[in-house]
Every structure is written in C-alpha cells, then in structure tokens.
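# with the input below, show me the fold.
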Amino acid sequence: MITRLKLKPSQKETKALVEKYGDDLVCVRYRYDETSRVRLKTVEIIVEKKQLPPPQGAPDNEIVPVQIAFGAKELGKMARSAGGNWDADVKLWYIQYGNIKGT
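Below you'll find the predicted structure:
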C-alpha cells in the first residue's frame, strides 16, 4: 500500500471532513493498493486531549548531564564556574542541577 497524498485540514478537498471532525482533524491521506486497484481515503483525528502535569525538575543536589556545543567557549566557562566537570569520553558536562536551575 502506497501513500501518495497527505493533506492538511486547510487544503483543498478536506472541507467536508473539516465540517465533520472540526479541530480534531489532523490530516487526510490517500492510500493506493496496487494489487487490488483500490484507493483508500483515511483521516487522522484527535480522540483524546489530556493536560499533562507540570514538568518536575531534578533535586538541586542531583548531577545532570549538559551538552554544550563545540566552540561555545563562553558557555564552557560558565559551566566550569558553576562547578561542572567535563567528561571527554561522552563529551558532556556534569553539573549539579541546583547550580544551573533557571538558566
């Protein structure tokens, strides 16, 4: 089965489906089955929306990995001044979460 066309709800040929599903419509796909010579129109819809709990930060004394891009020397200096340790094997800084929280 081959998907040849994927349409967003705002595109042509989706008006009737937008009226039916409203804001829950994510996309419309046209799939083709070469063996049985059939075209299928499928819709992707949202069936549940659930509010996620706020993200929980790590405890202030936990050591967390921080990736800093190569060549960002100023950020490297800031990581070192925050008490971070560089691990060359994995190319990450390890810093206490309390020292970088909110930055």
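
# quick one, longest helix in this structure?
If you go by DSSP state H, the chain has its longest helix at helix 73-81.

# contacting residues around the helix or strand bottoming out on mean pLDDT in the chain?
Across the helices and strands of the chain, mean confidence by mean pLDDT, DSSP states H and E is lowest for helix 97-100: a mean of 84. With contacts defined as C-beta atoms under 8 Å, 6 or more residues apart in numbering, helix 97-100 is touched by 57-64, 66, 82-84. The C-beta positions use only the backbone N, C-alpha and C, and glycine is treated the same way.

# ok, 6 Å please
The contact list for helix 97-100, computed with C-beta atoms under 6 Å, 6 or more residues apart in numbering, reads 58, 60, 62, 64, 82-83.

# wait, is L5 part of a strand?
Yes. The assignment for L5 is a strand, going by DSSP: H, G, I helix; E, B strand; the rest coil.
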